[in-house]
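Colleague: just the structure for this:
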Amino acid sequence: MLPVKKTSKSRTRTRRSHHRLSATNYSLCRKCGNAKLPHAACDKCGYLNPQITLDLGKEESS
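Modeller: Model (predicted):
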């Protein structure tokens, strides 16, 4: 069965309003204050928690 009338853009967009992406949740690193993903090591200093700190290797430029 075909629809009787065309669905307007407004009605379609209202129906799809909850399909949007949610904002990324960031937390601050306790050591350097840089923004990082929660439950992940810091990209700048490698800090995760007081017991764990990752040693980040320096990238060599040629």
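Colleague: gap between the host helix or strand of residue 12 and the chain center?
Modeller: If you go by DSSP states H and E, residue 12 is part of helix 9-15. With Cα atoms, centre = their mean, to the nearest Å as the basis, helix 9-15 stands 27 Å off its chain's centre.
Colleague: confidence score at the residue most central in space within the chain?
Modeller: In the chain, the residue lying closest to the centroid (Cα atoms, centre = their mean) is residue 24, at 3.2 Å. Residue 24 is assigned 89 on the pLDDT scale.
Colleague: dump the residue contacts of it.
Modeller: Contacts for residue 24 (Cβ atoms under 8 Å, 6 or more residues apart in numbering) come out as residue 37. C-beta here means a position set from N, CA and C on the backbone, and glycine is covered the same way.
Colleague: residue 48 touches residue 42, doesn't it?
Modeller: Yes. With contact defined as Cβ atoms under 8 Å, residue 48 counts as touching residue 42 (7.4 Å).
Colleague: out of those two, which sits in the more crowded spot?
Modeller: Neighbour totals were compared for residue 48 and residue 42, and residue 42 leads with 22 against 17 (other Cβ atoms under 10 Å).
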